[in-house]
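J.: I'll drop the sequence and a predicted model, then ask my questions.
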Amino acid sequence: MSLSARLTFLGSLLVALFFGSFLLGRYPVPPQDVVSLLLESLGGSSAAVDDTMRTVVVHVRLPRILGAILVGGALSVSGAAYQNLFKNPLVSPGILGVSAGASFGAAMGMLASLGWSSIQAAAFALGLFAVGCAFLIGRLVGRDSLVVLVLGGMVVSALFQAFLSLIKFVADPINTLPAITFWLMGGLSRVSLEDIRASLLPVLLPLGAFWVLRWPLHALSTGEEEAATLGVPVKTLRFAVILGSTLLTAVSVSISGIIGWVGLLVPHMARALVGPSFPALLPASFLLGGAFLLLVDNLCRTLFAAEIPLGILTSLVGAPFFLVLLTRARKEWGKC
């Protein structure tokens with residue numbers, strides 16, 4: 001099967017899951033009403049449906065479905081870009097502390113009883129701040145090295161995790177602490193169309209930049225010295241990858257909370273389908289990531305009477321896969 005055929009398959013799978021997700025849930029919605037309401041939301045003629053169905057489709061399921069595609073695609077592309085940069089298949093989007101910083105920001109907003117949009121803004125801002133701290137640690141050490149940058153990310157993550165634990169310790173155990181705990185489990189139940197609109201630009205800008213830089217990024221996967229001999233501005237490109245991946249991850253965490261494993265799992269799945277070439281891996285990761293998270297979210301809200309937090313189910317899938325990765329890595333280490 002050719003590359004274009006494989007990408008077409010992934011796109012078709014995502015489209016099928018998109019429309020199929022509207023039909024899942026406790027409130028039954030006929031397919032023709034889904035199409036009519038989607039056309040209405042795009043500026044078409046008014047659909048002849050009752051207000052309850054319009055609310056369920058347009059204001060409940062549509063934001064959640066779009067959120068799953070946006071978050072899944074963003075985390076997957078971020079993970080693929082980091083794995084390409086660090087040349088390490090076990091790298092995830094939170095390696096430089098963005099997830100820990102965003103978690104602290106959200107918890108701090110909940111402790112201060114801020115509104116939901118302010119909590120999301122705090123999570124986004126602290127996620128960016130955490131990665132900035134990791135960069136600053138690298139500068140203070142005085143070495144322009146990816147290893148030092150990763151070590152700085154580990155230090156920042158540990159600090160923000162400690163701050164998060166402190167907030168959980170002093171939080172009201174009746175209201176605030178359960179809210180923080182539930183947010184940390186990840187979920188899309190509170191996503192609104194306003195959240196999707198606000199997130200489009202911070203997601204589309206890094207995606208567009210990665211697409212423009214797809215061939216230099218492919219050269220970077222061979223190693224920094226080899227890329228430099230080909231005329232690739234390695235330091236500038238490294239900064240662009242980290243900035244773009246940080247934006248994608250911070251936006252995702254601010255929308256959905258902490259959802260682990262997607263940025264680690266999906267790039268490997270995409271690589272198995274389309275190969276290691278970054279120009280092919282980029283669209284494949286986004287399409288497969290959106291489809292994967294949308295499928296898992298459908299399971300979360302339909303398997304049981306009570307909704308399962310999204311991060312729990314992604315972890316249940318991700319942990320066994322991680323063991324497989326470790327097994328393969330051990331075999332490679334044995335050859336060295």
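T.: That came in fine, so what should we check first? Residues are numbered from 1 along each chain as shown.

J.: Just list the residues touching Val77, thanks.
T.: Pro206, Leu207, Phe210, Ser245, Leu248, Leu282, Ser285, Phe286, Gly289 (CB atoms under 8 Å, 6 or more residues apart in numbering). Quick note: C-beta positions are derived from backbone N, CA and C, even for glycine.

J.: Of these, which belong to helices?
T.: Members of the contacts of Val77 lying in helices (criterion: DSSP state H): Pro206, Leu207, Phe210, Ser245, Leu248, Leu282, Ser285, Phe286, Gly289.

J.: okay, now the last one: neighbour count?
T.: Counted with other CB atoms under 10 Å, residues neighbouring Gly289 total 32.

J.: surely it meets Ala68?
T.: No. Applying CB atoms under 8 Å as the test, Gly289 and Ala68 come out as separate, 9.7 Å apart.

J.: Mind telling me what element Gly73 is part of?
T.: According to DSSP states H and E, Gly73 maps onto helix 62-86.

J.: Please apply the same query to Met154.
T.: helix 146-170.

J.: outside of that helix, which residues touch it?
T.: Identification of contacts with helix 146-170 by CB under 8 Å, 6+ apart yields 85-86, 94-97, 99-101, 103-104, 107-108, 111, 126, 130-131, 133-138, 141, 177, 180-181, 238, 242.

J.: Tell me how far Phe321 lies from Met269.
T.: Phe321 is 9 Å from Met269, where distance means CB to CB, to the nearest Å.

J.: Ignore what I typed, I meant Leu38.
T.: Computed as CB to CB, the Leu38 to Met269 distance reads 28 Å.

J.: pLDDT on the helix holding Gly73, on average?
T.: Average pLDDT, helix 62-86: 96.

J.: Who are the packing partners of the helix or strand following it?
T.: Using DSSP H and E, the next helix or strand after helix 62-86 towards the C-terminus is helix 98-111. Here helix 98-111 touches helix 116-141, helix 146-170, helix 176-184, helix 234-256, going by 3 or more CB pairs under 8 Å, 6 or more residues apart in numbering; DSSP states H and E.

J.: Can you spell out which helices and strands pack onto the following helix or strand past the last one?
T.: It stands for helix 234-256. Helices and strands here follow DSSP H and E; after helix 234-256, the next one along the chain is helix 262-274. The contact analysis (3+ CB pairs under 8 Å, 6+ apart) places helix 262-274 against helix 3-21, helix 62-86, helix 278-302, helix 310-335.

J.: how much distance is there from the second one to the middle of the chain?
T.: Meaning helix 62-86. How far helix 62-86 lies from its chain's middle: 4 Å, per CA atoms, centre = their mean, to the nearest Å.

J.: Can you tell me the SS state at Thr222?
T.: For Thr222, the assignment made with DSSP: H, G, I helix; E, B strand; the rest coil gives coil.

J.: Could you tell me how many residues sit around it?
T.: 13.

J.: so how far is Phe278 from it?
T.: Thr222 is 11 Å from Phe278, where distance means CB to CB.

J.: repeat for Val296
T.: Distance of Val296 to Phe278, computed by CB to CB: 25 Å.

J.: ditto for Ala270
T.: For Ala270, the distance to Phe278 equals 11 Å [CB to CB].

J.: Equivalent analysis for Ala209, please.
T.: 13 Å.

J.: Which one's more surrounded, these two?
T.: The neighbour comparison of Ala209 against Phe278 (other CB under 10 Å) goes to Phe278, with 21 against 16.

J.: List the residues that contact the nearest residue to Pro89 once chain neighbours are set aside.
T.: Among residues not flanking Pro89 along the chain, Gln83 sits closest, at 5.8 Å (CB to CB, 6 or more residues apart in numbering). For Gln83, the contact set (CB under 8 Å, 6+ apart) comprises Pro89, Val91, Pro267.

J.: what number of residues lie near Ala68?
T.: Ala68: 30 neighbours (other CB under 10 Å).

J.: same question, Leu217
T.: With other CB under 10 Å as criterion, Leu217 counts 25.

J.: Could you measure from it over to Val150?
T.: As for Leu217, its distance to Val150 is 19 Å (criterion: CB to CB).

J.: Then Val191?
T.: Distance, Val191 to Val150, by CB to CB: 31 Å.

J.: Comparing these two, which shows the higher neighbour count?
T.: Between Val191 and Val150, Val191 has the larger neighbour count (other CB under 10 Å), namely 22 against 17.

J.: Spatially nearest residue to the more buried one, not counting backbone neighbours?
T.: By the measure of CB to CB, 6+ apart, the closest residue to Val191 outside its immediate chain neighbours is Gly67, 3.8 Å from it.

J.: In contact with that neighbour, which residues?
T.: Leu188, Val191, Asp195, Ile196, Ile255, Ser256.

J.: Wait, the last one touches Val191, no?
T.: This points to Ser256. Yes. Ser256 is within contact range of Val191, at 7.2 Å (criterion: CB under 8 Å).
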